[in-house]
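Asks: Quick one, what's the 3D model for this:
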Amino acid sequence: MFVRTLALPLLVLAATPALAQEQQTPPPADTGGDFAIVGAGAGILPDYEGSDDYRWSPVPAAIGRVSGFNFQLLGNRLSVDLIPDGGGTGLDFQAGPIGVVNFNRSSIDSIDDPRVKALGELDTSIELGGYVGVGKTGVITSDYDRLSVSLSYRTDVSGVSDAGILTPSVSYMTPLSRKALVTLFASAERAENGQMDTYFGVTPGQSLASGLAAYDPDGGWKSWTLGLGTAISLTGDLTHGLQLVGGATYRKLTGDAADSPIVRDAGDSNQWMGVVGLAFSF
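Replies: Alright, predicted model coming up:
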């Protein structure tokens, strides 16, 4: 569940393959050609959504453009932009499919809290949907910074929750030089009733097994997230070669999600996540 958020520092490398250089060297134009960025990192994240125990997890990512179509594999999330991107400045409209593999509470061996373990293991959920968005290059600091907004919806198709999540998000990337950039991002999640019941509800039977109070949440806004990411070139520049990437996010669970005994009594509504890794551009 959290791997997608942790992979966002790798996403900033794909904001534009044409990054600002030192002033004495004109930056290359983004001609809309093919490119790829692959990376992997180590992330620290809660045992489950709402936990106050943390663990390390690998975070893979692959981002690129093929024949004008952008793709992103960010941890447990895959998306493809079906509107061809010709490169350059101006508006970039985006729309396409997304798929998420939700591992939340799918392995009780990775959960430390005995009360949450006693709730039982959930099946891994396959969530499919789509997104729309728009990005603008050349906004505030230079011709190469980028502001993007998007709205996505995905729903479980594997029979785990049979419900969906709506996610609005916004991100801003600015290069500091040809060798470094930073990004800021924010998002929120609105979950349908089945999602809330599955991941934050406690049935009477589970209450007897775990000692947590029985709880029947309603759907609604369940969280908001703020994050910061950075990338620094180690060889060459950010358009090719090896980069060090890192970032951190803060997620706040809200509404019925925050009031769940799984969070209020066994965990924490304040969720911190971090990642550090390497990426290679070519």
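Asks: CA atoms for contacts and neighbours, from now on please.
Replies: Fine.
Asks: Flag the shaky bits of the stretch 51-200 of the chain, pLDDT-wise.
Replies: Filtered on pLDDT under 70, the stretch 51-200 of the chain yields the residue ranges 85-89.
Asks: change it to 90
Replies: Within the stretch 51-200 of the chain, the stretches falling below the threshold (pLDDT under 90) are 59, 61, 63-70, 74-75, 84-92, 137-144, 177-178.
Asks: mind listing the helices in it by residue range?
Replies: In order along the chain, the stretch 51-200 of the chain carries the following helices (DSSP state H, counting those that start in this stretch): 114-117, 193-200.
Asks: which one of these is the most hemmed in?
Replies: Among the helices of the stretch 51-200 of the chain, the stretch with the highest mean neighbour count (mean count of other C-alpha atoms under 10 Å) is helix 193-200, at a mean of 21.
Asks: Please name every helix or strand in contact with that helix.
Replies: For helix 193-200, the packing partners by 3 or more C-alpha pairs under 8 Å, 6 or more residues apart in numbering; DSSP states H and E come out as strand 164-177, helix 255-259, helix 261-264.
Asks: Please point out which parts of the last one sit buried.
Replies: What it means is helix 261-264. Taking 16 or more other C-alpha atoms under 10 Å as the neighbour-count basis, helix 261-264 is seen to contain the buried residues 261-263.
Asks: still on that earlier bit, tell me which of the helices of the stretch 51-200 of the chain sits nearest to Gly50.
Replies: Checking the helices of the stretch 51-200 of the chain against Gly50 by C-alpha to C-alpha gives helix 193-200 as the closest, at 8.8 Å.
Asks: Show me what the helix or strand following that closest one is packed up against.
Replies: Sequence-wise, the next helix or strand downstream of helix 193-200 (DSSP states H and E) is helix 204-210. If contacts are counted by 3+ C-alpha pairs under 8 Å, 6+ apart, helix 204-210 sits against helix 114-117.
Asks: who touches the helix it packs on?
Replies: 108, 111, 210-212, 262, 266 (C-alpha atoms under 8 Å, 6 or more residues apart in numbering).
Asks: Give the ChimeraX command for selecting the buried subset of those.
Replies: Entered in ChimeraX, the line below selects the buried ones among these, by 16+ other C-alpha under 10 Å:
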select :108,111,210,212,262,266
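Asks: which one of the contacts of helix 114-117 sits closest to Glu49?
Replies: Taking C-alpha to C-alpha as the measure, Glu49 sits nearest to Ile262 out of the contacts of helix 114-117, at 9.2 Å.
Asks: dump the residue contacts of the closest one.
Replies: By C-alpha under 8 Å, 6+ apart, the residues touching Ile262 are 50-51, 116, 200-201, 212.
Asks: run the last query once more with 7 Å
Replies: 116, 200 (C-alpha atoms under 7 Å, 6 or more residues apart in numbering).
Asks: any idea how far it is from Thr124?
Replies: Shown here: Ile262 relative to Thr124, a distance of 19 Å by C-alpha to C-alpha, to the nearest Å.
Asks: Leu82 is nearest to which of the helices and strands packed on helix 193-200?
Replies: Using C-alpha to C-alpha as the criterion, the shortest distance between Leu82 and the helices and strands packed on helix 193-200 is 19.0 Å, found for strand 164-177.
Asks: Buried ones in the closest one, by neighbour count?
Replies: Within strand 164-177, the residues that qualify as buried by neighbour count (16+ other C-alpha under 10 Å) are 164-176.
Asks: Equivalent analysis for stretch 120-127, please.
Replies: Residues 122-127 are the ones in stretch 120-127 that count as buried (16+ other C-alpha under 10 Å).
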